[in-house]
Each structure stands twice: as C-alpha cells, then as structure tokens.
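Visitor: fold the following.
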Amino acid sequence: MSFQSPNCQLTPGCERPRMTNMEGCYSCEHDKRRAEKDALKPKKQPKPLPKRSAKKVKADSKYTVLRKKFLEEYPLCQCSLNGPCDQKSETIHHTSLSGNNYLNTETWMAVSLEHHMEIENLSAEFRRKYGLLKD
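Guide: Down below sits the predicted model:
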C-alpha cells in the first residue's frame, strides 16, 4: 500500500500533490512566496514621456508666428471645391504630408474651418487630383 499525499490546496483545480507540511505543491507555494515578496517591493511609477520634443516646441513657436502672418495675408478661404469661397479663413491646410514642409508656407492653404473639415474627409486620391495634397 503506497501513501499518496493530498492534493494542493492553494490553487483551485491544481491536482499536484502538496509538499510536506505545506498547503500546496511546489509551484503554487513558489507563486505564493513570489507574490508576497513582490507585494513588499515599492511600486515604480513609470516616467512620463514628454508631450513634445524640444525641437517640436521650437518649431511650434515659429509656426504660430508664421500662421498668424499667413492668415492675415490670406483673410478669405482659398478653397475652391464648390466655386469661389468668401468665408473667413481660420485654419491652415497643409498640402504636403512631409514633416519637412511643416514651416514651408508654399505648401499651406488658408481655409475656413468648414472647408478644412470637408478637405480632410476627402480621399487622398481626390485631394491629389485637385491639388489639395502633394507628396
């Protein structure tokens, strides 16, 4: 007649034999001790990533100045999808997707907010066809 130790009592459903003088099997006891040890460790707070790089902050300050000048120079919407537009220009539409042209005013269009939303909802193919997007 062989003696068979009772099953692990730490983890429901674990059918491995428990260790002598312990509640659970080797794996469950190890997991229990690891969890207790980890609970004592201070939790490390992740270091937040900067919202914008120093280079981007510098470019954005230049962009703000250029944007104001550009909108003063072009007070009316330059969008001509539905014929000439007489709405006040409020935003800048960038016709180039390249980040290198972010400050290049030759790739900008002064447009009304309404037309800017329309332009952004058009397909890239359509925008390329009508000069609203250049590669």
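
Visitor: now residue 129: how far from residue 10?
Guide: 67 Å (CB to CB, to the nearest Å). Heads up, the C-betas are built off the backbone N, CA and C, glycines and all.

Visitor: who has more neighbours, the two?
Guide: Taking other CB atoms under 10 Å, residue 129 and residue 10 do not tie; residue 10 has more neighbours (15 against 11).

Visitor: isn't that one right next to residue 29, touching?
Guide: Yes: when contacts are counted by CB atoms under 8 Å, residue 10 is listed as touching residue 29 (6.9 Å).

Visitor: what do those two both touch?
Guide: residue 23 (CB atoms under 8 Å, 6 or more residues apart in numbering).

Visitor: which residue would you name as the spatial centre of this protein?
Guide: Residue closest to the average C-alpha location in the chain (CA atoms, centre = their mean): residue 51, at 10.6 Å.

Visitor: now it, what's its secondary structure?
Guide: The three-state label given to residue 51 by DSSP: H, G, I helix; E, B strand; the rest coil is coil.

Visitor: what does the model give it for pLDDT?
Guide: At residue 51, the model reports a pLDDT of 87.

Visitor: tell me the helices and strands packed up against the lengthiest helix in the chain.
Guide: In the chain, taking DSSP state H as the definition, the longest helix is helix 54-73. Contact analysis of helix 54-73 by 3 or more CB pairs under 8 Å, 6 or more residues apart in numbering; DSSP states H and E lists strand 91-94, strand 108-111 as its packing neighbours.
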